[in-house]
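Trainee: Need coordinates for the following:
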Amino acid sequence: MATFVLVHGGGHGGWCFQPLAAILRAEGHLVYAPSLTGLADRQHLLSAETDLDMQIEDIARLMEFEDLCEVILVGYSYGGMVITGAADRTSARTGHLVYLDAAIPLDGEALVDVSPGLKAFAANNRVIDGVELGLFPDAAASAVYGLDGSPLRD
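Mentor: Model (predicted):
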């Protein structure tokens, strides 16, 4: 039995892994698919202080408080940034890293460094309660996320 921590992208939540988590659990694996601070079911926690460091800490603390070992960290899209940092903080607990169509940063790189295409969307960013947000769930974002025709689109 393996232990998986599935980390979603910036415009998602842990919910996006429900189909995969069900398959893995049916095979006897332990699966965690948390939502990162400020997103999905944790959107009420979004503030100007919400950043990559906080979301890395979300995953590192999950691994610590659940006493997880030999974890297979899976990062999708922006989740690649999060698992890279979480693995650095929890190297004794991390078994493998899986980058699923994800950002793979080198030390010191920001998301915009590894995904320069994000700059094209900057004109559509919105500021809500002092927080700059991008890639809203509109037609343009659906194309980026590949959600057209997906049962998870809604």
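Trainee: going forward, measure contacts between C-alpha atoms and count neighbours the same way
Mentor: OK.
Trainee: What is the neighbour count of Phe17?
Mentor: Close neighbours of Phe17, defined as other CA atoms under 10 Å, add up to 19.
Trainee: How about Ala40?
Mentor: Neighbour number of Ala40 under other CA under 10 Å is 18.
Trainee: who does Phe4 bridge with?
Mentor: Going by DSSP bridges, Phe4 is paired in beta bridges with Val31, Ile72.
Trainee: roughly how far apart are it and Arg93?
Mentor: Distance of Phe4 to Arg93, computed by CA to CA, to the nearest Å: 12 Å.
Trainee: list residues touching both of those two?
Mentor: Common neighbours of Phe4 and Arg93 (criterion: CA atoms under 8 Å, 6 or more residues apart in numbering): Val71.
Trainee: To what extent is Glu66 buried, counted in neighbours?
Mentor: By other CA under 10 Å, the residues close to Glu66 number 8.
Trainee: returning to what we had before: comparing Phe4 and Arg93, which shows the higher neighbour count?
Mentor: Taking other CA under 10 Å, Phe4 and Arg93 do not tie; Phe4 has more neighbours (24 against 18).
Trainee: contacting residues around that one?
Mentor: Contact partners of Phe4, counting by CA under 8 Å, 6+ apart, are His29, Leu30, Val31, Tyr32, Val71, Ile72, Leu73, Val74.
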